[in-house]
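Student: Attaching a predicted model along with its sequence, questions to come.
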2 protein chains.
Amino acid sequence: MKIKLVYVGKSKKGYLQGSLSDFYKRIQKYVSLEEVVIQDVPNAKSLDSFKRNDLEGKSVLKRLKDSDIVVLLDEKGKGYDSRGFAKFIEDKMLYSRQDMAFVVGGAYGFSPEMYERADFKIKLSDMTFSHQLIRLIMAEQLYRAMTIIKGHPYHND
Amino acid sequence: MKIKLVYVGKSKKGYLQGSLSDFYKRIQKYVSLEEVVIQDVPNAKSLDSFKRNDLEGKSVLKRLKDSDIVVLLDEKGKGYDSRGFAKFIEDKMLYSRQDMAFVVGGAYGFSPEMYERADFKIKLSDMTFSHQLIRLIMAEQLYRAMTIIKGHPYHND
């Protein structure tokens, strides 16, 4: 099983890139990990949010396999605490050989087509975070989940 | 009115220090900001969590004024979305001249004395984040709140 982190947005290195790379290295001691960065739609600012989400969604879908378990990080998703999130991942790892793809949308969310493709929707917080920060939060939670699953010391309740 | 961010923990510069400093600079264009780092209790690991929280709490209280509006970042606190969090801060800025102190506890939470002193408890997420990451999330949300209050472009719903 592989975990894919799929982001829509700027491909340029952001201010948190060093910290992010560090977490990715740590996660890869536990599970195979791939970061997929989908380029922003050209001239995105001239498009309405519906059209933009639609084009972004199509780019994301091209990068997913039919067999992928698709998890949208979405404000309408289910909230988990860190142990619950670890359990969510562990269940998939135990009972499935499919890859899991966590997808973070662009600034305006997801297209109807993406919602239709999604197997699960989860929420990291009620708050809105910057695109860069979401990546770091997701990486830290994924690392934390792996240490919880393996019983390694990192997480305190 | 000044905003204080009060953290218990290592005083050494963490891996996110650069990003954190950048947000602090940006926040200070809107509001006076002070970061207060409380040193970890000596030999913390040899103490039980109750004793540790008690000593940490006493160190925090020494750094607060009686007039401060004390807000604990606590898993049992009220969850806000980013606009709600901005409104929470704006209300205090409009109706009070007191300083606001946001307090992040140590690894084992807060002492009963800190809970008693608290005016508000708020929750950033159901998830547990590393000490470093909490600081960055808090700084980004505070910056976001300021831009929401002032109507400056940063936040998209």
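Tutor: Arrived safely, thanks for sending. All values reported here derive from a predicted model rather than from experimental measurement.
Student: so how far is whatever helix or strand A:Thr147 lives in off the chain centroid?
Tutor: For A:Thr147, the element it lies in under DSSP states H and E is helix A:131-150. Offset of helix A:131-150 from its chain centre (CA atoms, centre = their mean, to the nearest Å): 10 Å.
Student: show me the contacts for A:Val31.
Tutor: Contact partners of A:Val31, counting by CB atoms under 8 Å, 6 or more residues apart in numbering or on different chains, are A:Met1, A:Lys2, A:Ile3, A:Met93, A:Met146. In short, each C-beta sits where N, CA and C put it, glycine included.
Student: again, only using 6 Å
Tutor: Neighbouring residues of A:Val31 by CB atoms under 6 Å, 6 or more residues apart in numbering or on different chains: A:Ile3.
Student: where's it relative to chain B, distance?
Tutor: According to CB to the nearest CB, to the nearest Å, A:Val31 and chain B sit 19 Å apart.
Student: do A:Gln39 as well
Tutor: For A:Gln39, the distance to chain B - CB to the nearest CB - is 19 Å.
Student: before we move on, what SS does the residue of chain A found nearest chain B have?
Tutor: Going by CB to the nearest CB, chain B is nearest to A:Ser125 of chain A, at 3.8 Å. When classified by DSSP: H, G, I helix; E, B strand; the rest coil, A:Ser125 comes out as coil.
Student: what's the pLDDT at the residue nearest to it when sequence neighbours are not counted?
Tutor: Spatially, and ignoring its direct neighbours in sequence, A:Ser125 is nearest to B:Ser125 (3.8 Å; CB to CB, 6 or more residues apart in numbering or on different chains). Per-residue pLDDT puts B:Ser125 at 90.
Student: Now B:Ser125: phi and psi?
Tutor: When quoted as degrees, to the nearest 10, the phi and psi of B:Ser125 stand at phi -170, psi 160.
Student: Show me which residues of chain A sit near chain B.
Tutor: Within chain A, the positions lying close to chain B (CB under 6 Å from any CB of the partner chain) are A:15-16, A:19, A:79, A:81-82, A:107, A:125-128, A:130, A:133, A:140-141, A:156.
Student: What ranges in chain A fall below the confidence cut-off?
Tutor: Low-confidence regions of chain A, defined by pLDDT under 70, span residues A:10-14, A:157.
Student: Find the residue at the geometric middle of it.
Tutor: What sits nearest the mean C-alpha location of chain A, by CA atoms, centre = their mean, is A:Phe102, with 3.1 Å.
Student: thinking again about what came up before, pick the one among the residues of chain A next to chain B closest to B:Asp74.
Tutor: Here the nearest of these to B:Asp74, counting by CB to CB, is A:Asp81; it sits at 13.5 Å.
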